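1. Just a sequence and a predicted model for now, questions to come.
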Amino acid sequence: MDKVLVTGGAGYIGSHACKALRAAGFEPVTYDNLITGWEDAVQFGPFERGDLLDRARLDQVFATHAPVAVMHFAALSQVGESMQKPGLYWQNNVEGSRNLIEAAVDAGCRNFVFSSTCATYGDQDGVVLDEDSVQLPINAYGASKRAIEDMLRDFGAAYGLRHVIFRYFNVAGGDPDGEIGEFHRPETHLIPLMLDAIDGKRDALTIFGTDYDTPDGTCIRDYVHVCDLVDAHVLGLKWLIDGRESRVFNLGTGSGFSVREVIEHSRAVTNKAVPYTEGPRRPGDCTKLVSGSTRAEAELGWTPTRSTLDQMIADAWRWHQTGHYDK
Ligand code: UFG
């Protein structure tokens, strides 16, 4: 069975990717430092604990497993935190990725799938965001991911490292079987915070900003189901294994929902009131991020099947009620 090195495989998206890889006939080898990941999420292949900044450990893991490809999820990913601690993002995300990319090249592993973000586009009012849009990040998180994209292009040109870059919009939902799901500590994401507020596990949700230039004054995001998202990664991996060229793909649905609309859908799906208050803007937040591309569908044959907002909330709610949040 071909092995794939999955950095961040103990995290929310990485663990779902491991499950999808296993189902597709690959053996996912998780590489994770467990700073934001959870060992009990590593259920679908071997676990190698390690840090991206530890080059010797990375070399050892490449030598042990000889993976055919890398899927690189491990990153710090909070927009707000990145504004307060930019150095952490440049060190962990950019410097850590350089270590990983160099280790892959030195080990002769030339297929690389990278988890990037629509946050690299920044706040471009009225612009259709497709893969050719200019990247103008307004937060350190987005800037760190754009830098890694540039690094991949340079290493591609110099060493033939072929790569697929996925620019995610807002990932939500969880495994329909309930084996894994979204769990961050601290939690900063809208849907899990809202579910916590609904069942009284935390205080009311605060809406960050009600004076944006949108129909209801709150930010608009394009939500995509984590299972659909990782399906695209398996297709991207096969694209590389088939010898296709390096390529960038947006992963979103093209439908935007405001924070108030997400609240309304959560109320309808759970049949419970969402306690919320209105607060100031969160630094670094873009007004509107919605994908304007169908390249992944057209070229990879990606067909999202669970990415309606109600399905994502329902899957997140089911996971929420398993009690993993209460650990
Ligand atoms: N929001 C609130 N209150 C909260 C939390 C969030 O109003 O308590 C709002 C945010 O201001 C934003 C929206 O809900 O408008 C979504 O916020 P999230 O924190 O859930 O997600 P972000 O859009 O900030 O960031 C997420 C990922 C990033 C990724 C980005 C792409 O964390 O890694 O989606 O949009 F880059």
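-> Perfect, I can see it now. Numbers count the residues shown, from 1 in each chain.

2. all strands for this protein, in order.
-> In the chain, strands defined by DSSP state E lie at 3-7, 27-32, 47-49, 69-72, 111-117, 162-168, 170-172, 205-208, 220-221, 223-225, 247-251, 257-258, 276-279, 288-289, listed in chain order.

3. For my notes, please list the ones you listed in a markdown table and give mean neighbour count for each entry.
-> (Each C-beta comes from the backbone N, C-alpha and C, glycine too.) Output for the strands of the chain, formatted as a markdown table (neighbours: other C-beta atoms under 10 Å):
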| stretch | mean neighbour count |
| --- | --- |
| strand 3-7 | 27 |
| strand 27-32 | 26 |
| strand 47-49 | 18 |
| strand 69-72 | 28 |
| strand 111-117 | 25 |
| strand 162-168 | 24 |
| strand 170-172 | 23 |
| strand 205-208 | 19 |
| strand 220-221 | 22 |
| strand 223-225 | 25 |
| strand 247-251 | 24 |
| strand 257-258 | 20 |
| strand 276-279 | 14 |
| strand 288-289 | 20 |
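
4. Can you add mean pLDDT and give those back as TSV?
-> Listed next are the strands of the chain as TSV, based on pLDDT from 0 to 100:
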stretch	mean pLDDT
strand 3-7	99
strand 27-32	98
strand 47-49	98
strand 69-72	98
strand 111-117	98
strand 162-168	98
strand 170-172	98
strand 205-208	98
strand 220-221	97
strand 223-225	98
strand 247-251	98
strand 257-258	98
strand 276-279	98
strand 288-289	94
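
5. wait, what's in contact with Thr7?
-> The contact partners of Thr7, by C-beta atoms under 8 Å, 6 or more residues apart in numbering, come to 14, 31-32, 52, 70-74, 100.

6. Local confidence estimate at the nearest residue to it once chain neighbours are set aside?
-> What sits nearest to Thr7 in space, not counting adjacent residues and going by C-beta to C-beta, 6 or more residues apart in numbering, is Ala74, at 3.8 Å. Among the per-residue scores, Ala74 shows a pLDDT of 98.

7. If we ignore the residues flanking it in sequence, what's nearest Leu100?
-> Closest to Leu100 by C-beta to C-beta, 6+ apart is Leu52, at 5.5 Å.

8. Which residues are in contact with the one you found?
-> Shown in contact with Leu52 (C-beta under 8 Å, 6+ apart): 7, 33, 58, 74, 92, 96-97, 99-100.

9. Contacting the ligand as well, which ones from those residues?
-> Among the contacts of Leu52, no residue sits close to the ligand (C-beta under 6 Å from any ligand atom).

10. Narrow these to those that are buried.
-> Burial by neighbour count, 16 or more other C-beta atoms under 10 Å: within the contacts of Leu52 this picks out 7, 33, 58, 74, 92, 96-97, 99-100.

11. Which residue ranges make up each domain of this structure?
-> Per the record, the chain has its domains at 3-171+224-251, 190-221+254-322, by automatic domain parsing.

12. mind putting the contacts of Thr7 in TSV, distance to Val274 included?
-> Formatted as TSV, these follow (distance: C-beta to C-beta, whole Å):
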residue	distance to Val274
Gly14	29
Tyr31	38
Asp32	33
Leu52	37
Val70	40
Met71	35
His72	35
Phe73	30
Ala74	32
Leu100	40
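
13. Roughly how far does the residue in the stretch 101-250 of the chain that the ligand sits nearest to sit from Tyr31?
-> The nearest approach of the stretch 101-250 of the chain to the ligand comes at Cys219, 3.0 Å away (C-beta to the nearest ligand atom). From Cys219 across to Tyr31, the span is 33 Å (C-beta to C-beta, to the nearest Å).

14. Ala143 too?
-> From Ala143 over to Tyr31 (counting by C-beta to C-beta), the distance is 24 Å.

15. hang on, the earlier thing: could you check the pLDDT of the residue of the stretch 101-250 of the chain closest to the ligand?
-> Cys219 is given a pLDDT of 97.

16. what's the answer for Tyr325, then?
-> Tyr325 is assigned 63 on the pLDDT scale.

17. quick thing: my sequence starts at 43, can you match it?
-> All set: I'll call the first residue 43, so the last point we hit is now Tyr367.

18. if we can go back for a sec, most tightly surrounded among the domains of the chain?
-> Mean neighbours per residue, mean count of other C-beta atoms under 10 Å, is largest over the domains of the chain for domain 45-213+266-293, with a mean of 20.

19. circling back: how close does the residue nearest to Leu142 sit to the ligand?
-> Using C-beta to the nearest ligand atom, to the nearest Å, Leu94 is found at 17 Å from the ligand.

20. next one: Gly67
-> As for Gly67, its distance to the ligand is 29 Å (criterion: C-beta to the nearest ligand atom).

21. give me the number of residues near the nearest residue to that residue once chain neighbours are set aside?
-> Spatial nearest neighbour of Gly67, excluding adjacent residues (C-beta to C-beta, 6+ apart): Met43 at 6.6 Å. Using other C-beta atoms under 10 Å, Met43 has 8 neighbouring residues.
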